[in-house]
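Asks: Pasted the sequence and its predicted model underneath.
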Amino acid sequence: MFDELIENEKNNIISTLSELIKIPSISEEENLLEAPFGKNCKEALEYVLKIGNEMGFKTKNIDGYCGYIEFGEGNELVGIIGHLDVVPALKEDGWTYSPFSPTIIDNKLFGRGAIDDKGPVVASLYAMKVVKDTMKLSKRVRLILGLNEEKDWKCINYYKEKEEWPSIGFSPDANFPAIYAEKGILSIELTNNFKIKDFEIIDINCNNNALNVVPKYSSITLKSTTNSDLNYLKNTENIKISFLDSSTIKIEAFGISSHAAHPELGKNAINILIKFLLNNFEFDSNYLNELYNLGFFDITSPRFLSEKELKDESGILTSNVAYLEYKFNKLIIKINLRIPVNTNLDDILFKYNKLKDYFENLEVTKISAQEPLFVNKESDLVKTLVNIFNNKTGLNENPIAIGGGTYARAFKNFISYGATMPGDKDMCHQANEFIDIDNLILSCKIYADAIYELAK
């Protein structure tokens, strides 16, 4: 019933999203007054709130941590939760186009945030507009805008402390037709003494890679302590050797980035570097060798975990070795695990702590944890949203489970809903991220019907 109105807004939707992509809103915790996640995130929030205000919505900036756009009447609150922050992107990361200069080619809008999550947020906003302009609802509808989703969720935690909680809703930050289950997420840090025989480790670097991204780059700089000939080290596929002087070398590994929920779609540069080191150097302990033999660097099913913990209906346990650093003669490794919904996160953490039985002086630290999301596939919420999608598209899809973590798990009776279409490649966190414009408009139409059904 809203399709024609949304078609009339098509140019405005594209324009709004393009302007939003121009803002490089990478969340940075700078502790600035009214900009706790940096000036660019502040600008992105203010821009969307301004658009919402011009559309006639009630808007609120919640101390710079997040904001919301609302319409409707009634005691019950329907929520739509999206985010305006994005993961980092540089032209040299493999982008054909500048990541923060929106470019339309072959009906695709390229730019960082196009699908994760600025495009779906803009689609949700215009869906709210056409419903507000034509229908009277018995509930309020609120679009909540986060600024720290790609890092620590401090934005949504702040919202939950300060504002009213919605009783039902969705997050437009994953896949259609609907996500009924999201794996648990656990990030762990391992620290241990580490030395390479006959070499001083000058530096280890992975460009400060985010934990939820498969690293595309990693390097180590080494200085020989024996003046031995280093010419035996040769460039190989994905490895570059640079001689900084007669005794100092830099080894760089190049991979392909992807979302940590889909490590099989990327190529982990840290894993490439570790394998090269194991094949070409000797170490003062068996630490790295044994980690490798235990399957620590495997992207699925590390071998020291039991079979029952590795897979259920939500999928298989996956691991992303996301971060590598060297400080005070210690090697720091950070990993991001996506854990099946029926597996207790503490049980997995316990198994990683058991690695201390293998290695003297090993420290294991939990960085963060997010419990899984699970909503019954037969619930009214899941069935309603799936039916809307299938009716709008003519498809016959069933709800799915994913390894990603969305704001849907922040509240009860929430699921993630779009905007990646069934069968489409997941472009989240990837170079040349884009949203197909036809799918952007189709998503807006789906969201309008969903808003009406949840709030009528």
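Replies: Great, that's in hand. Model, not experiment: these values are computed from the prediction.
Asks: domains for this protein, by residue range?
Replies: As assigned by automatic domain parsing, the chain contains the domains 3-183+373-455, 185-370.
Asks: mind checking pLDDT for A448?
Replies: A448 is assigned a predicted lDDT (pLDDT) of 98.
Asks: my guess is it contacts L125, does it?
Replies: No: shown here, A448 and L125 do not form a contact pair, counting by Cβ atoms under 8 Å, at 10.9 Å. Just so you know, the C-beta spots here come from the backbone N, C-alpha and C atoms, and that holds for glycine as well.
Asks: Check which helices and strands the least confident helix or strand in the chain by mean pLDDT is in contact with.
Replies: Within the chain, confidence by mean pLDDT, DSSP states H and E is lowest for strand 311-312 among all helices and strands, at a mean of 84. Under the contact definition 3 or more Cβ pairs under 8 Å, 6 or more residues apart in numbering; DSSP states H and E, strand 311-312 sits against no other helix or strand.
Asks: ok, then the element right after that strand?
Replies: On the C-terminal side of strand 311-312, the nearest following helix or strand under DSSP states H and E is strand 315-316.
Asks: one step back: so A448 and L125 - more neighbours on which side?
Replies: Neighbours per residue (other Cβ atoms under 10 Å) separate A448 from L125, with A448 holding more: 27 against 24.
Asks: tell me the SS of the more buried one?
Replies: Local secondary structure at A448 is given as helix here, using DSSP: H, G, I helix; E, B strand; the rest coil.
Asks: what's near enough to touch it?
Replies: Contacts for A448 (Cβ atoms under 8 Å, 6 or more residues apart in numbering) come out as 2, 6, 127-128, 130-131.
Asks: same thing but 7 Å
Replies: For A448, the contacting residues are 2, 6, 127, 130-131, taking Cβ atoms under 7 Å, 6 or more residues apart in numbering as the criterion.
Asks: next one: L324
Replies: Residues touching L324, when contacts are defined by Cβ under 7 Å, 6+ apart, comprise 204, 206, 218, 270, 333.
Asks: Tell me how far L90 lies from R112.
Replies: Distance check for L90 against R112: by Cβ to Cβ, to the nearest Å, it reads 10 Å.
Asks: out of those two, which sits in the busier spot?
Replies: R112 (29 against 13).
Asks: just checking, the more buried one touches F434?
Replies: No: in this structure, R112 sits apart from F434 without contact. The criterion is Cβ atoms under 7 Å, and the distance is 10.0 Å.
Asks: and the contacts of L324, which of them are in helices?
Replies: Residues from the contacts of L324 lying in helices, with DSSP state H as the criterion: I270.
Asks: quick one: the helices in the chain?
Replies: With DSSP H as the criterion, the chain has helices at 3-8, 10-21, 39-54, 118-134, 154-162, 269-280, 287-293, 345-353, 380-393, 437-455.
Asks: Tell me which of those helices is the most buried.
Replies: Using mean count of other Cβ atoms under 10 Å, the stretch among the helices of the chain with the greatest mean number of neighbours is helix 118-134 (a mean of 25).
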